[in-house]
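Chemist: Got a predicted structure plus its sequence, pasted below:
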Amino acid sequence: MTRAGDIHAYLAEIEDIPGTRVYTARRARLGYHVNQFAMSLMKADNRARFKADEAAYLDEWPLSPEQRDAVLARDYNRLLDLGGNIYFLAKLFSTDGQSFLQAVGTMTGMSPADYQAMMIAGGRSPNGLRSRREQRETLAELAEIAAETPNVGAASSGGR
């Protein structure tokens, strides 16, 4: 853990958690317009205009090209990376007729039933991958080992 007062090191640590996007002030600033767009969908007339022509409705919002593409693709994980807040994005998947369970299930690559069962059982296991940095280091070590290991398949086929 970082020493007290080192906010930049602390923020770097929370960005290192795989599969987790902590909604920081930086993300809030980045996603302001995405979240305002999503909140606009609380009004029935805005939902109707959006469903009638999604691209035209998005033209009314100063979204980055990446944010716009992520909305159109319903790439909720990318929207979170780009500053979207899951509670605001809920307005988008509700507009599409999806429940929170269905939408979040798509973000995990699991079926809604599997996601629901996992959550009822207590959520994801705390065991396993805990750090992106550690994963990169492990992969680098494995690549080094592989580079130092002779190609066993090539050596064994040469004796025929």
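Modeler: Thanks, I have it.
Chemist: longest single helix anywhere in this protein?
Modeler: helix 132-148 (DSSP state H).
Chemist: ok, residues contacting stretch 78-85?
Modeler: For stretch 78-85, the surrounding residues in contact (C-beta atoms under 8 Å, 6 or more residues apart in numbering) are 21, 23, 27-32, 34-35, 38, 64, 66-67, 69-71, 76, 86, 89. Glycine gets a C-beta too; all of them are placed from N, C-alpha and C.
Chemist: SS state for residue 124?
Modeler: Of the three states, residue 124 takes coil under DSSP: H, G, I helix; E, B strand; the rest coil.
Chemist: do you know how far residue 84 is from residue 127?
Modeler: 29 Å (C-beta to C-beta, to the nearest Å).
Chemist: between these two, which one's more packed in?
Modeler: A count of neighbours by other C-beta atoms under 10 Å puts residue 84 above the other of residue 84 and residue 127, at 27 against 6.
Chemist: Find the helix or strand that that one is a member of.
Modeler: When secondary structure is defined using DSSP states H and E, no element contains residue 84, which sits outside every helix and strand.
Chemist: on that earlier part again, what's the mean pLDDT across the longest helix of the chain?
Modeler: The average pLDDT for helix 132-148 rounds to 77.
Chemist: same check, this time on stretch 38-45
Modeler: 97.
Chemist: Give me the buried positions along it.
Modeler: Taking 16 or more other C-beta atoms under 10 Å as the neighbour-count basis, stretch 38-45 is seen to contain the buried residues 38, 40-41.
Chemist: would CSV of these with secondary structure and distance to residue 138 be doable?
Modeler: Shown next, in CSV, are the buried residues of stretch 38-45 (DSSP: H, G, I helix; E, B strand; the rest coil; distance: C-beta to C-beta, whole Å):
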residue, secondary structure, distance to residue 138
38, helix, 37
40, helix, 44
41, coil, 42
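Chemist: Which member of those residues is positioned nearest residue 133?
Modeler: Among those, residue 38 lies closest to residue 133 (C-beta to C-beta), at 31.6 Å.
Chemist: Next up, the contacts around that closest one.
Modeler: Taking C-beta under 8 Å, 6+ apart as the definition of contact, the neighbours of residue 38 are 84-85, 88-92.
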